[in-house]
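**Student:** Sequence and predicted structure are below.
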Amino acid sequence: MADFAALRRTMVDGQIRTADVTDRPLIQAMLDVPRERFVPTGQANLAYLDLDLPVGEGTRRLLKPMVLAKMLQALQISSGQRSLDVGCVTGYAAALMARLGASVVALEENPVLARHARANLAGFQGVSVVEGPLADGFADGAPYDSILVEGAVEQEPSRLFHQLADGGGLICIRASGPTGKVVFYRRDGSDITARTIFDAAGAVLPGFARPEAFAF
């Protein structure tokens, strides 16, 4: 049987620390949370590879550990915050956010993935899994100090901006051709500012694709 604790350490040392992730609580959370618990049955040996891992019959992805770690570090999640995880798939990122002390609403619109997320997150305190369209967020739990969009978007997630608390941040991958950029949005009063953090790619999430233009 694989030594998953050793594999987690290798992932953190080889993928996370080398990507300028220095937040100690986040690093500890990634050492503590068993990623193999959140991958499809029979694929535990793939849990710590540097890749986006297909889930949900291959239609969705768990973000590669390095990309997820850098996104979470940018959000600066801390104890007492209220966070929204948009597109939680099987619950791994929500587990990390909860381990950092946040109260997490994990949103998923695929009922099979939502069921897996609930099972995988059993035992993690402060996490609730809800179902609904990803692009709509979850207004009943707003406002949020931090919003993680677990995938790529082809247009600004403007409906989610209204669910941010003043001073809160939202992070996502803005798709642009074969590559993309991770963008951090911050709400200051009625203003939303954006800054690009690093290059990354990800699968476009349901509800965030650019509308097709009509051809005449």
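**Tutor:** Cool, got the structure.
**Student:** Let me see the ranges of the strands in the chain.
**Tutor:** In the chain, the segments counted as strands under DSSP state E are 53-55, 60-62, 82-86, 103-108, 127-131, 144-153, 164-176, 179-188, 191-199.
**Student:** Just the residues contacting the longest one, thanks.
**Tutor:** The one in question is strand 164-176. Contact partners of strand 164-176, identified using Cβ atoms under 8 Å, 6 or more residues apart in numbering, comprise 67, 71, 74-76, 82, 142-149, 151-154, 157, 160-161, 180-189, 197, 200-202, 204. Heads up, the C-betas are built off the backbone N, CA and C, glycines and all.
**Student:** Export only the CA atoms of stretch 66-83, formatted as CSV.
**Tutor:** The C-alpha coordinates for stretch 66-83 follow below in CSV (Å, rounded to 0.1, in the frame of the first residue of the first chain):
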residue,chain,number,x,y,z
MET,A,66,0.3,24.0,-7.1
VAL,A,67,-2.4,26.1,-8.8
LEU,A,68,-4.9,25.5,-5.9
ALA,A,69,-2.3,26.3,-3.3
LYS,A,70,-1.3,29.6,-5.0
MET,A,71,-5.0,30.6,-5.3
LEU,A,72,-5.7,29.8,-1.7
GLN,A,73,-2.6,31.7,-0.5
ALA,A,74,-3.8,34.8,-2.5
LEU,A,75,-7.2,34.6,-0.7
GLN,A,76,-5.4,34.8,2.7
ILE,A,77,-8.0,32.6,4.4
SER,A,78,-8.0,32.7,8.2
SER,A,79,-9.9,31.6,11.2
GLY,A,80,-13.4,33.2,11.5
GLN,A,81,-13.8,34.0,7.8
ARG,A,82,-16.8,33.0,5.8
SER,A,83,-15.9,31.4,2.5
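**Student:** List the contacts of the one residue sitting closest to the centre of the chain.
**Tutor:** Among the residues of the chain, the smallest C-alpha distance to the mean C-alpha position (Cα atoms, centre = their mean) belongs to Glu150, namely 3.6 Å. Contact analysis of Glu150 by Cβ under 8 Å, 6+ apart lists 63, 68, 85-89, 93, 205.
**Student:** Just give me the closest of those residues to Glu131.
**Tutor:** Checking those against Glu131 by Cβ to Cβ gives Cys88 as the nearest, at 10.2 Å.
**Student:** beta partners of the closest residue to the closest one other than its chain neighbours?
**Tutor:** Distance criterion Cβ to Cβ, 6 or more residues apart in numbering; nearest residue to Cys88, sequence neighbours excluded, is Ala106 at 3.7 Å. Partner residues in beta bridges with Ala106: Asp85, Val129, with DSSP bridges as the criterion.
**Student:** For Ala106, give me its contacts.
**Tutor:** Residues touching Ala106, when contacts are defined by Cβ under 8 Å, 6+ apart, comprise 85, 88, 91, 94, 117, 121, 127-130.
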